[in-house]
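S.K.: Model the structure of this input:
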Amino acid sequence: MGLIVPVYILVIDILLAVAIGYAFLFMLRRLNRYDPELNAMVKYSVIFLGIAEIGRIVDIIDDFCCRPSARYFEIVAYLISILGVIYTVVYYIKLVENRYIPTPPKADRKSSLGAHIVFSKNRLLDVIELLKNADFPVLAVTRSPGMYEGFDNVSTVWVTQVSGGVNPTALHVLHDVILRFVQENPGSAVLIDCVEYLLLYNDFRTVFKFLTNLKDHVVLQHGSGLVIFVDDSVLSEQEKALLLKEFEPL
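M.R.: Now for the predicted structure:
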C-alpha cells in the first residue's frame, strides 16, 4: 500500500488533522468546568470536533488506498461536523448576548427599583431598615449570611474563601448567580454588603467594572433593583466620585 496522492495533499491532510485534534483536546479538557449552559457548548464542540477528527484520520488513510466507502464516510463526517460546529458557534454567540450584552429596557416595562449606594458604617441597622418593608424577593451577597435570618423573602450568597461559598476573586461566578436570580425573580432586588471584602482581593477598577456591569444587567435589562453598601472610609475621593456617577445615594 503506497501513497496515491501528491505529497502536499498528505501534508495538508496531516496539518488539518493536527489542528482539529488540538481543538478537540482543548475543549475536552474543559468538560464540566463551567455552568450547565456553557458546559453544553463545550460538549457540542467535543462531539462535532471528534467527528471531524475521525473524518480527517480516515482521509489520511484514504491517501494510501482508494475505497469508495471511505470517501462516503468522509463526506458524511464532514457534513455532520461542519453543521455541528456552525450550530455550536451560533449557540455560543446567543449565550454571550444573553449574559453580557444588555438589551435596552422596553418602554412599557415597569419602572426599575434603580441602582443605589449606601455609604454605611452601621451596616446591620441600615440593612434591616431597608428590608423590613420589602415585599419582593431579595438576594443578599454578603460576608454575614446570619444577618439575614428571619427575612423570608431574602436569599443569601456567602462570599468567602471557605468551601460552600463563592470566592471573592470569582466575580464572574457572582455575576452568573446574581443574573440567574433576577431572571427567575422579576421585580426583585440584589443587595451587596461586602464591597470592602471584594476590594481586599481585587483592585478597585475590577470591582467597579463588576458593579457597573451588574447594574446594566440587573437594573436596565431586567428592571430589578441593585443596592450596594460600602464604608466610604476605604475609598479615595476619586473612587467615591466614580461610584456616585453610577449609583444614586440612599
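
S.K.: Residue 186 is in contact with residue 225, correct?
M.R.: No - Residue 225 is not in contact with residue 186 according to Cβ atoms under 8 Å; the separation is 11.6 Å. All C-beta spots, glycine's among them, are computed from the backbone N, C-alpha and C.

S.K.: which SS state does the residue nearest the centre of the chain fall under?
M.R.: By Cα atoms, centre = their mean, the chain has its centre lying nearest to residue 176, at 5.4 Å. Following DSSP: H, G, I helix; E, B strand; the rest coil, the label given to residue 176 is helix.

S.K.: And for residue 32?
M.R.: Under three-state DSSP, residue 32 falls in the coil class.

S.K.: give the contact list for it.
M.R.: residue 39 (Cβ atoms under 8 Å, 6 or more residues apart in numbering).

S.K.: Quick check: longest helix in the protein by residues?
M.R.: Counting residues, the longest helix found in the chain (DSSP state H) is helix 68-100.

S.K.: so what does that one touch, helix or strand wise?
M.R.: Judged by 3 or more Cβ pairs under 8 Å, 6 or more residues apart in numbering; DSSP states H and E, the packing partners of helix 68-100 are helix 36-62.

S.K.: and the longest helix of the chain, how far out from the chain's middle?
M.R.: 23 Å (Cα atoms, centre = their mean, to the nearest Å).

S.K.: That helix to helix 36-62, inter-axis angle?
M.R.: Angle, helix 68-100 to helix 36-62, by axes from the mean of the first three to the mean of the last three Cα atoms, to 10 degrees: 160 degrees.

S.K.: and the next element down the chain from helix 68-100?
M.R.: strand 114-119 (DSSP states H and E).

S.K.: So what touches that following strand?
M.R.: Residues from elsewhere that reach strand 114-119, judged by Cβ under 8 Å, 6+ apart: 126, 130, 215, 218-219, 225-232, 240, 243-244, 246-250.

S.K.: taking the residues you listed one by one, which sit in strands?
M.R.: The strands, defined by DSSP state E, take in 225-230, 248-249 from these.

S.K.: Using CSV, lay out these together with pLDDT.
M.R.: Putting the ones in strands among the contacts of strand 114-119 into CSV (pLDDT from 0 to 100) gives the following:
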residue, pLDDT
225, 91
226, 93
227, 91
228, 91
229, 89
230, 90
248, 90
249, 87
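
S.K.: Fine by me, we can end here.
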